[in-house]
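Trainee: Okay, predicted coordinates and the sequence, questions at the end:
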Amino acid sequence: MNDDDLKRQAAEAALEYVESGTVIGVGTGSTADRFIDALARIKSKIDGAVASSESSAERLRSHGIPVLDLNDVGDLPLYVDGTDEATRHLQLIKGGGGALTREKIVAGASRKFVCIAHEAKLVDVLGDFPLPVEVIPMARSFVARQLVKRGGWPVLREGFVTDNGNVILDVRGLKILEPARLEADLNDIPGVVTNGIFALRPADVLILGTPDGVRTLT
Ligand code: 5RP
């Protein structure tokens, strides 16, 4: 089984969390795309979806799934999204696709966050994956200096603008031993929109695709 099969397996397993007559939150990335494709088969069961990116909104619409504005629907029962890294405590690094801010908003507005991934995303300690930080463009250099003071090595994601019109700094070298603390600390730097640590609002369920079938952590 290759990674794509494992992603699909995790995505299919997440369908069981979808309740009839609800609007659900949908994430971004190749694993979330597999979920959107699976969701298309049961689209008559749901009233629609809130997307965490323009690209996911487009994919949902291409399957005939109505895309709704979060402001019009209030809290959501369920959010399903992929991840770049996950720990056993369901703390995550997200934002490899640059959609971290909207992902964090939709996750925050959802009662249950089901994270789907292939098993290679499970790590003991977060931080091998460069931490994405979304930054207001005029604050780029200032924020980069603050990240260096914290031991990080920020690199501008070249040629990339987020759906919110901002830039991304990918930060290597940060020791993420206390994810919730670092998440709050980095979010306090003026000019940071948000960072890709999901520890203050971790996932509630982690579904991992493995060659032996799905493994679910709660
Ligand atoms: C996008 C994300 C994605 O969920 C993350 O990058 C994982 O992507 P993939 O499923 O393609 O491995 O956070 O901003």
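Mentor: Looks like it arrived, so ask away. The model shown is predicted, which means the values in this text are computed figures rather than measured ones.
Trainee: Contact partners for the nearest residue to residue 55 once chain neighbours are set aside?
Mentor: In this structure, residue 55 finds its nearest non-sequential neighbour in residue 28, 6.4 Å apart by C-beta to C-beta, 6 or more residues apart in numbering. Heads up, the C-betas are built off the backbone N, CA and C, glycines and all. If you count contacts by C-beta atoms under 8 Å, 6 or more residues apart in numbering, residue 28 has them with 51, 52, 53, 55, 56, 81, 82, 97, 99, 102, 103.
Trainee: Which residues of this structure lie near the ligand?
Mentor: The chain has residues 27-32, 81-84, 94-100, 103 near the ligand, with proximity defined as C-beta under 6 Å from any ligand atom.
Trainee: Show me these that map onto helices.
Mentor: The helices, defined by DSSP state H, take in 30, 31, 32, 100, 103 from these.
Trainee: Sort out which of those residues are buried, if you could.
Mentor: 31, 32, 100, 103 (16 or more other C-beta atoms under 10 Å).
Trainee: For those residues, give me CSV that also has pLDDT.
Mentor: Supplementary listing: those in CSV, determined by pLDDT from 0 to 100:
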residue, pLDDT
31, 97
32, 98
100, 98
103, 98
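Trainee: what's the most distant pair in these?
Mentor: Distance extremes for those: the farthest pair is 31 and 100 at 15.0 Å, using C-beta to C-beta.
Trainee: Surely residue 159 is within a helix?
Mentor: No - using DSSP: H, G, I helix; E, B strand; the rest coil, the secondary structure at residue 159 is coil, not a helix.
Trainee: For it, give me its contacts.
Mentor: When contacts are counted by C-beta under 8 Å, 6+ apart, residue 159 is found next to no other residue.
Trainee: give me every residue that touches the nearest residue to residue 135 once chain neighbours are set aside.
Mentor: Distances taken as C-beta to C-beta, 6+ apart place residue 143 nearest to residue 135, at 4.8 Å, with adjacent residues excluded. Going by C-beta under 8 Å, 6+ apart, residue 143 touches 133, 135, 154, 169, 189, 191, 192.
Trainee: Just say helix, strand or coil for residue 143.
Mentor: Three-state call for residue 143 (three-state DSSP): helix.
Trainee: again, but for residue 151
Mentor: State at residue 151, reduced to three classes by three-state DSSP: coil.
Trainee: Give the residue farthest from the middle of the chain.
Mentor: Counting by C-alpha atoms, centre = their mean, the extreme residue of the chain relative to its mean C-alpha position is residue 149, 26.5 Å from that point.
Trainee: Export only the CA atoms of stretch 56-76, formatted as CSV.
Mentor: The C-alpha coordinates for stretch 56-76 follow below in CSV (Å, rounded to 0.1, in the frame of the first residue of the first chain):
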residue,chain,number,x,y,z
SER,A,56,-11.2,22.9,-1.0
ALA,A,57,-14.3,25.1,-1.7
GLU,A,58,-13.7,24.6,-5.4
ARG,A,59,-13.3,20.8,-5.0
LEU,A,60,-16.5,20.6,-2.9
ARG,A,61,-18.4,22.6,-5.5
SER,A,62,-17.1,20.4,-8.3
HIS,A,63,-18.8,17.4,-6.5
GLY,A,64,-22.0,19.4,-6.1
ILE,A,65,-21.6,19.9,-2.4
PRO,A,66,-22.9,23.3,-1.3
VAL,A,67,-20.2,25.5,0.3
LEU,A,68,-21.5,27.7,3.1
ASP,A,69,-20.0,30.7,4.9
LEU,A,70,-19.0,30.1,8.5
ASN,A,71,-20.7,33.3,9.5
ASP,A,72,-24.1,32.0,8.3
VAL,A,73,-24.0,28.6,10.0
GLY,A,74,-22.6,29.1,13.6
ASP,A,75,-20.8,26.3,15.3
LEU,A,76,-20.3,23.0,13.4
